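A.B. asks: just coords:
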């Protein structure tokens, strides 16, 4: 890690920047795929699946037999682990569901909101280097809890046309029947436009590579909503002298192994902590199977010392990390001061991987400083909130005159008239 | 209005379509303005304000004197009306603020969410044909309630360099000090990029013309969040024989006067209602100052009869209207069946203009069928929700083994190691 010592506040901006994302000419390529899928449906899906995923598929939908087979292929240990994670994720997300009370804003004027599930949602689960069955838990559990009627899953098959058993097992466990062997921008296009076999959806969730990200960006312009804008994963750790440097190094590496573009940042008010963590990094790195990725990610990363713990928190708020670990025995004291972060891990035993899998919080989080203006995925992401108003005669008598005056001042005379007619009727004019 | 009689369900799609929005080559034009503002700051703002708003401004920021003058220019009647609206909007939006409880998902594993205000927000208030001071109430009240630190307002001046007094008065009433005389795509660019005088923000709210809409779309790609995607305003009324046809016609016209691209739809299970409403439309239209706009909007609009009231509700859910009026004495019975709508007005005395101004609900709502996958503006729009987890030794012992198994199955060994190190320490290995 690059070490920076107590930088002045006016240069903090230099250290809150993210590794540059290569702007590539993806618009045309991905836009072409979407247009093709919209026009040619399954035929286009077959073409791109053969081209990009190198497998010829005559059928995209996973059948009963494949689901059943996956149940046999997953170990009992993994099944039990998934069951525990599922239970915790369900508990935490269920706690986010609540019914708002009705409010009488003026006598006779009742207002309230109702949360209603988005009818049709699509979940994208990447294939690639790791089978991310945990992402199915994170996306499908809240969708199921709020009652989305149609839940579509797209995930790419390998070159033998197979999907990782842990992914299929998790789908099956959650009662997801509409699982399609589709990856990349063609999968996003299929869920946005619909084809002969893939139903269209109103909102698309899930991580993916640059093609998937671009496709999600483009289908937004077709009226399809997406979960959150995407960027490389990142972790910021604030550690003080009560931290365990070996744990901190392990946490930094757990983020770094995600990929060469991941970013990890260490802040401390104690220079010794930084050098101890650096020593531990060197030791632990040797043992790591995904060492090459981690080494590259560490090149983008920084350890920064500050004079005070408060400065560490302030810098972190400016950086707005996706994951924030407060590696300190006094971590709870900082909660009120944290204003920009996706998910926060408090104390020496709250490791990021707990939140990635099983603590109960969602791991689909805002990256790339989006924690300043976006929330992670939650129950809220799968509903829209409809407002209602029930106004009786008394109510419109109470607020009607104010509406008439305001509508007239905005030169909207028909708005005024809708009230005037009602007031006249009530007053028997 | 065009009348359609009891269409078969398989052709409903033909009637849920919106008037086509002309796709224009705005990308280049608006993209150019944004790039220019980013590079040249205030100088570019001056240039575009002179070009598009036809006024030469040496200073954009509204000063104390202008605010004070506005207080004198607004009538007491309007001040009282605004005060009533403000009070109701505050009451309803305050009721949306609540603290979620902490959840112990497993013994030793505590999870919770905290809502934190987005630090800096920008509110765009259109000038144009009507001075929309009501939109300031709708956007600034929730921003103030959650505690956004910096609230920027941009609104175009007239050719004399002045802003409508009702707009300035409302800003002053709400304690908004950072008000800038800027309109169009240059205003959005200024709030997204920041200039010498206009601070940059993290999220931009507010309605606008096609240039504003395009600019909001483009700055999203720079990491700036926006409230909701925009489209022309619309109203769907479901009326049965207990409606008042004169009220229904007035409501349809109050939507139609917004502009030629507005859309109004009338559904009924009673053909007599449709013809009575049509007669009332013809009568009321004559009295309307904005008659031309309303006539054009009515050309895009439809009255559709159905066999049952349930069919009306089902069609409405498929259409997903921004505003939905249930003009029936039994309106409350339908609440549970409404699944797609922005804001719903129940009964014969709940007119849309009540929600536009003073009932307390927000009038910034999803149009263009976005009510299927987006919510209107609310307290939620001005915060992000940060998740926290506090895991103690007991907690990591309880969930650690599951995390190890899942991380290994996803081939993320550093994720596993972060847990293993902690478990070893606890077990004194």
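C.D. replies: All right, it came through fine. Values in this document were obtained by computation on a predicted structure and should not be read as measured data.
A.B. asks: where along the stretch 1-150 of chain A do the helices fall?
C.D. replies: A:12-16, A:26-40, A:42-52, A:64-73, A:76-94, A:133-146 (DSSP state H, counting those that start in this stretch).
A.B. asks: quick one: the longest one to chain centroid distance?
C.D. replies: Counting by C-alpha atoms, centre = their mean, to the nearest Å, helix A:76-94 is centred 19 Å from the centre of its parent chain.
A.B. asks: quick one: average confidence on it?
C.D. replies: Helix A:76-94 shows a mean pLDDT of 98.
A.B. asks: quick one: contacts for the spatially most central residue of chain A?
C.D. replies: Note on chain A: the residue nearest the mean C-alpha position is residue A:364, at 2.9 Å, using C-alpha atoms, centre = their mean. Contacts of residue A:364 were listed using C-beta atoms under 8 Å, 6 or more residues apart in numbering or on different chains, and they are A:135, A:138-139, A:205-207, A:227-228, A:376-377. Where C-beta positions appear, they are placed from N, C-alpha and C, glycine not excepted.
A.B. asks: tell me if the lowest-mean-pLDDT helix or strand in chain A is near chain B.
C.D. replies: None of the helices or strands of chain A scores lower by mean pLDDT, DSSP states H and E than helix A:291-299, at a mean of 82. Yes: using C-beta under 8 Å from any C-beta of the partner chain, helix A:291-299 reaches chain B at residue A:294.
A.B. asks: how about the closest residue to residue A:367 other than its chain neighbours, phi and psi?
C.D. replies: Using C-beta to C-beta, 6 or more residues apart in numbering or on different chains and skipping residues adjacent in sequence, the residue nearest residue A:367 is residue A:231, 3.8 Å away. Backbone torsions of residue A:231, given as degrees, to the nearest 10, read phi -160, psi 170.
A.B. asks: ok, now the one 10 residues further on?
C.D. replies: The main-chain torsion angles of residue A:241 are listed as degrees, to the nearest 10 and equal phi -70, psi -10.
A.B. asks: cool, residue A:226 as well?
C.D. replies: Its backbone dihedrals place residue A:226 at phi -130, psi 160, with angles given as degrees, to the nearest 10.
A.B. asks: is it bridged to anything, and to what?
C.D. replies: Bridge pairing for residue A:226 (DSSP bridges) gives the partners residue A:204.
A.B. asks: all strands of the stretch 201-350 of chain A, in order?
C.D. replies: A:203-205, A:225-226, A:234-239, A:263-268, A:302-305, A:323-327, A:343-346 (DSSP state E, counting those that start in this stretch).
A.B. asks: kindly provide the distance from residue A:417 to chain B.
C.D. replies: Noted for residue A:417: a distance of 5 Å to chain B, by C-beta to the nearest C-beta, to the nearest Å.
A.B. asks: and the pLDDT at that residue?
C.D. replies: The model reports residue A:417 with a pLDDT of 96.
A.B. asks: can you say which helix or strand has it in it?
C.D. replies: For residue A:417, the host element (DSSP states H and E) is helix A:413-426.
A.B. asks: so that helix versus strand B:323-327, what angle?
C.D. replies: 20 degrees (axes from the mean of the first three to the mean of the last three C-alpha atoms, to 10 degrees).
A.B. asks: show me what helix A:413-426 is packed up against.
C.D. replies: Where contact means 3 or more C-beta pairs under 8 Å, 6 or more residues apart in numbering or on different chains; DSSP states H and E, helix A:413-426 is packed against helix A:393-409, helix B:245-256, helix B:352-357.
A.B. asks: any stretches of chain A with poor pLDDT?
C.D. replies: In the predicted model of chain A, residues A:19-24, A:128-129 satisfy pLDDT under 70.
A.B. asks: can I get the helices and strands packed on helix A:413-426 in JSON lines including distance to residue A:219 and mean neighbour count?
C.D. replies: Written out in JSON lines, the entries for the helices and strands packed on helix A:413-426 read as follows (distance: least, C-beta to C-beta, whole Å; neighbours: other C-beta atoms under 10 Å in any protein chain shown):
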{"stretch": "helix A:393-409", "distance to residue A:219": "38", "mean neighbour count": "22"}
{"stretch": "helix B:245-256", "distance to residue A:219": "29", "mean neighbour count": "27"}
{"stretch": "helix B:352-357", "distance to residue A:219": "31", "mean neighbour count": "28"}
